[in-house]
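# below: sequence and its predicted model.
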Amino acid sequence: MLPLSFLRAHGRLIGFGFFMYFCSSAGQTFYISLFGGELRAAFDLSHGGFGTIYAAATFASAATLVWAGRLIDRVPLPFFAAAVMAGLAGVSLLMGAVWSAGALTAALFGLRLFGQGLAGHTAGTAMARYFDAERGRALGIAVLGLPAGKFVLPALVVAGLAVTGWREVWAISGFALLALAPLVFVLLKGHGARDDALRARRAKAASEGAADSTLGVALRDPGLWLRLPALLAPPAIFTGLVFHQVHLADSKGWSLTLIAGSFTVFAVASVAATVLSGPLVDRLSARRLVPLFLAPIALSCLALALGDAPVAAPVFLALLGLGTGISFVLSGTLWPELYGTAHLGAIKSFVGAAMVFSTGLAPAVMGVLFDRGISVESVAAACALYCVAASALAATARGAGRFRIEEQPR
């Protein structure tokens, strides 16, 4: 199907995915870190103290996501998405009213769970479940909501902080999310027909002797564990380095203006990689691309490790954007390709929890290393080596398809 025809046929559902990915920004590290200075000052927190609170909240949200994410397999999508939006709006309002470090931890837990966790999980599961032959293309368009958030929201937050306080900015965010929540039902109008078509496809697959895998079956597949380290690399490396971007800039002698400007290059590269990788995944399959996609991220880490000139900043972020953009599509298409869609919410919630856990661990680990005098260059070089090792592991994974019915647990 031609691109315009594809969008005309599936525009509402893809728009829903874009919308949920965009709204997930409220719980993403890049957004929360914009308030880092104000939050540390308000509660007298050091860099390490704030990083520890952030990590604890993220770990708790990852553990909760394993349970909460699988509800999407049982709750109708419009109601599940509306509940996620309401929760995200509520914790944004709480963030504007936090009165202690404990309350801050609770608010961060909610933002990480409903934002980075469930909002993105809802979008990705919907795209993967209701598209088949053109799953990569659909996800490649919908996931553009993530770079759109990175492109639009930092400027709005900086402008807001220039005219009012950080609490008021969070309150505005919460009310805006609440006002936008009804869009879920508009974008998913007539969704029942998609569920009927999906049930028909599953029944046909079952009649032909194949069935979608449960989470238990997927967890017993060595291929999941061999591929998982590679898929964890982009969010962990990006989050860890961006969380400490001020220290990164200071150590390199770069201005924050240079870093901020380089994020535009990151956004452009990420968008280009996302759009182009969707059709490529549909043609070649996600499982074939997993051992290869970390090459740009490894090169970005090497650029950071070896370069001190100002030009190294946009090169580093451009390469990081390429790898991150590809990972958006791969992480959404690999699991339904391997295990089907009937239990996709449970499988993706487990993988999503691992990713959320990695994004909480990375800032804490890097913060400890920086506090102990380990250089940015050494940390970046270690990240590059991790990419190489993870790619080698993924290359050993066998290409497994859906399991036969007799292999399913009774």
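Yep, that arrived. Everything numeric in this text was worked out from a predicted model, so none of it was measured.
# all helices of the stretch 151-300 of the chain, in order?
Here the stretch 151-300 of the chain has its helices, by DSSP state H, counting those that start in this stretch, at 166-180, 183-187, 191-207, 215-219, 222-243, 245-252, 256-284, 286-289, 295-306.
# by mean pLDDT, show me the worst of these.
Ranked by mean pLDDT, these end with helix 191-207 at the bottom, a mean of 66.
# looking at the helices of the stretch 151-300 of the chain, which is closest to Lys150?
Taking CB to CB, helix 256-284 is the member of these nearest to Lys150, at 5.7 Å. (Each C-beta comes from the backbone N, C-alpha and C, glycine too.)
# what is the neighbour count of Val158?
The tally of other residues near Val158 (other CB atoms under 10 Å) stands at 12.
# any low-confidence regions in the stretch 1-150 of the chain?
1-3 (pLDDT under 70).
# picking up where we left off before, can you list the helices of the stretch 151-300 of the chain in CSV and add mean neighbour count and distance to Ala60?
Output for those, formatted as CSV (neighbours: other CB atoms under 10 Å; distance: least, CB to CB, whole Å):
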stretch, mean neighbour count, distance to Ala60
helix 166-180, 18, 20
helix 183-187, 17, 26
helix 191-207, 12, 32
helix 215-219, 17, 21
helix 222-243, 22, 16
helix 245-252, 17, 25
helix 256-284, 19, 28
helix 286-289, 19, 30
helix 295-306, 22, 27
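# out of those, which is closest to Val66?
Distance to Val66, taken as CB to CB, is lowest for helix 215-219 among the helices of the stretch 151-300 of the chain, at 9.4 Å.
# any idea which helix or strand carries Ala55?
helix 47-68 (DSSP states H and E).
# so that helix versus helix 245-252, what angle?
140 degrees (axes from the mean of the first three to the mean of the last three CA atoms, to 10 degrees).
# for helix 47-68, buried residues please.
Judged by neighbour count (16 or more other CB atoms under 10 Å), helix 47-68 contains these buried residues: 47, 50-55, 57-62, 64-66, 68.
# ok, now stretch 357-375?
For stretch 357-375, the neighbour count (16+ other CB under 10 Å) marks Phe357, Ser358, Thr359, Gly360, Leu361, Ala362, Pro363, Ala364, Met366, Gly367, Leu369, Phe370 as buried.
# any idea how far it is from the chain center?
Its chain's C-alpha centre and that of stretch 357-375 lie 20 Å apart, by CA atoms, centre = their mean, to the nearest Å.
# what average pLDDT does it get?
85.
# list the contacts of it.
29, 47-48, 51-52, 54-59, 61-62, 112, 116, 232, 235-237, 239-241, 243-244, 247, 251, 376, 378-379 (CB atoms under 8 Å, 6 or more residues apart in numbering).
# apply 6 Å and report the result again.
48, 51, 55, 58-59, 62, 232, 235-236, 239-240, 243-244, 247, 379 (CB atoms under 6 Å, 6 or more residues apart in numbering).
# host element of Val365?
Going by DSSP H and E, Val365 is in helix 344-371.
# same question, Ser378
helix 376-395.
# in that helix, what counts as buried?
376-377, 379-381, 383-384, 386-387, 390-391, 393-394.
# rewinding a little: pipe the buried residues of stretch 357-375 into a markdown table and attach distance to Pro76 per row.
Shown next, in a markdown table, are those (distance: CB to CB, whole Å):
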| residue | distance to Pro76 |
| --- | --- |
| Phe357 | 29 |
| Ser358 | 31 |
| Thr359 | 29 |
| Gly360 | 31 |
| Leu361 | 34 |
| Ala362 | 35 |
| Pro363 | 36 |
| Ala364 | 37 |
| Met366 | 41 |
| Gly367 | 41 |
| Leu369 | 45 |
| Phe370 | 46 |
